[in-house]
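Engineer: Just need the structure, nothing else, for what follows:
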Amino acid sequence: MRRKIPSTQSLICFEAAARHESYTRAAQELALTQSAVSRQITALEDFLGIALFRRTRHGVALTPAGADYARQIARQLDTMERDTLDAMARQGQGGSLQLAAVPTFATRWLIPRLPDFAEKHPDITVHIETRTRPFLFNDTPFDAAIYAGTAAQTANWAGTKSTVLIEEDVIPVCSPALLAGRKPLSPAAIARMPLLQQSTRPDGWRQWFDAQNVDAPRAHSGPRYELFSMIAIAAAHGLGVALMPTLAIQKELARGELVIACDRPLRGERSYYLVTPAVDDERPALTLFRAWLVAQARATDSQPASARSPSRPAPPSRST
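Structural biologist: The predicted model follows:
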């Protein structure tokens, strides 16, 4: 059956004209005449049976229907262009994956391990963009997402299925200078030190002190930072003690920029998940990536915190 789709040329002309709200600037961008752009948009309006632009004293402006259609078409043209570039790059082989990921996990854990995936599956390209909140897969080009959250938050992500990768352990760390040669401190001693806070986890220190049965009136006090990367730098420069996920600070620990201030890790409420659309016909490239990712996560989870760097040989995967 013939698809109800207008010509690609008319969509390209419309997208450019909608972005500029000008036929003239669209024509300049596309190396066409203004009349050619106008004809393409008129043909598109006839095809749709709606007006996409209205005439103004200064040129043209999108109608409400045109503005809505422009948003949809721009996204679809971006996807078509990306898929075309992928096909050209692959020369007919393999595939690609569009992955959304939380930035800390992507930069500190996933990307350093991707050379192993590339070696095992050289015909699959993994593209990564950062996303921190749930989204509708149908409205994006993403094949999967790596999400940090609780089991309840993941279960409430509509139209998806999830695989838990790594449960998040947090531990107090600081600059070696802040310890001044002392051994790792007791939880009570940590309570008397300057505490670095993460703005998105305001109760992090309170939960840690409660787990240690320590009274800490200043658990919510201290400078606040939004990202773990900011807190790690602040701690390395001696501004205070940070409560950090162990997987996020392996390089700093290995280089000696950070040391464990109190060897009392706490398993937090959050975990890292691979989230995918709840469909039956999963793409082969995604199936391979899922299997590789789960194996990497199991190997990481079976290691002690001090040995979770991808540069170290991975132990055998833990049985489940």
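Engineer: pretty sure residue 13 is touching residue 42, no?
Structural biologist: No - counting by CB atoms under 8 Å, residue 13 does not reach residue 42; the two are 10.2 Å apart. Just so you know, the C-beta spots here come from the backbone N, C-alpha and C atoms, and that holds for glycine as well.
Engineer: how about the helices in this structure?
Structural biologist: For the chain, the helices defined by DSSP state H occupy 8-20, 23-30, 34-48, 64-90, 103-105, 111-120, 151-155, 176-179, 187-191, 204-211, 228-236, 250-255, 284-301.
Engineer: of all these, which lies closest to residue 168?
Structural biologist: Taking CB to CB, helix 103-105 is the member of the helices of the chain nearest to residue 168, at 9.5 Å.
Engineer: Next, the buried residues of that closest one.
Structural biologist: For helix 103-105, burial by neighbour count (16 or more other CB atoms under 10 Å) applies to 103, 104, 105.
Engineer: re the thing from before, who has more neighbours out of residue 13 and residue 42?
Structural biologist: More neighbours surround residue 13 than the other of residue 13 and residue 42, with 25 against 13 (other CB atoms under 10 Å).
Engineer: tell me the contacts of the nearest residue to residue 126 once chain neighbours are set aside?
Structural biologist: Nearest non-adjacent residue to residue 126, counting by CB to CB, 6 or more residues apart in numbering: residue 97, 5.0 Å away. Contact analysis of residue 97 by CB atoms under 8 Å, 6 or more residues apart in numbering lists 124, 125, 126, 127, 143, 144, 283, 285, 286, 289.
Engineer: and the gap between the second one and residue 95?
Structural biologist: When you say that, I think you mean residue 125. Here the distance between residue 125 and residue 95 works out to 8 Å (CB to CB, to the nearest Å).
Engineer: and what of the third one?
Structural biologist: Relative to residue 95, residue 126 is positioned 10 Å away (criterion: CB to CB).
Engineer: Likewise for the fourth one?
Structural biologist: Look at residue 127 and residue 95: by CB to CB, they are 11 Å apart.
Engineer: Out of those two, name the residue with the larger neighbour count.
Structural biologist: In terms of neighbours (other CB under 10 Å), residue 95 is the more surrounded of residue 127 and residue 95; the figures are 18 against 14.
Engineer: which residues does residue 221 contact?
Structural biologist: Here residue 221 is in contact with 195, 197 (CB under 8 Å, 6+ apart).
Engineer: Check what pLDDT it gets.
Structural biologist: As predicted, residue 221 sits at a pLDDT of 93.
Engineer: List phi and psi for it.
Structural biologist: phi -90, psi 150 (degrees, to the nearest 10).
Engineer: so who does the residue in the chain sticking out farthest from the centre touch?
Structural biologist: Distance from the C-alpha centroid of the chain peaks at residue 57, with 44.2 Å (CA atoms, centre = their mean). Residues counted as contacts of residue 57 (CB under 8 Å, 6+ apart): none.
Engineer: quick one: it and residue 14, what's the gap?
Structural biologist: Counting by CB to CB, the gap from residue 57 to residue 14 is 22 Å.
Engineer: do residue 118 as well
Structural biologist: 39 Å.
Engineer: Out of these two, name the residue with the larger neighbour count.
Structural biologist: A direct count of neighbours by other CB under 10 Å for residue 118 and residue 14 places residue 14 higher, at 28 against 13.
Engineer: Quick check, that one in contact with residue 52.
Structural biologist: Yes - using CB under 8 Å, residue 14 makes contact with residue 52 at a distance of 6.5 Å.
Engineer: Give me the common contacts of those two.
Structural biologist: The contact sets of residue 14 and residue 52 overlap at 41, 44, 69, 70 (CB under 8 Å, 6+ apart).
Engineer: could I get those as a markdown table with neighbour count and distance to residue 155?
Structural biologist: Below are these laid out as a markdown table (neighbours: other CB atoms under 10 Å; distance: CB to CB, whole Å):
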| residue | neighbour count | distance to residue 155 |
| --- | --- | --- |
| 41 | 23 | 46 |
| 44 | 22 | 43 |
| 69 | 20 | 35 |
| 70 | 18 | 35 |
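Engineer: Give me the distance between stretch 34-45 and the centre of its chain.
Structural biologist: With CA atoms, centre = their mean, to the nearest Å as the basis, stretch 34-45 stands 39 Å off its chain's centre.
Engineer: Kind regards, and thank you for your time.
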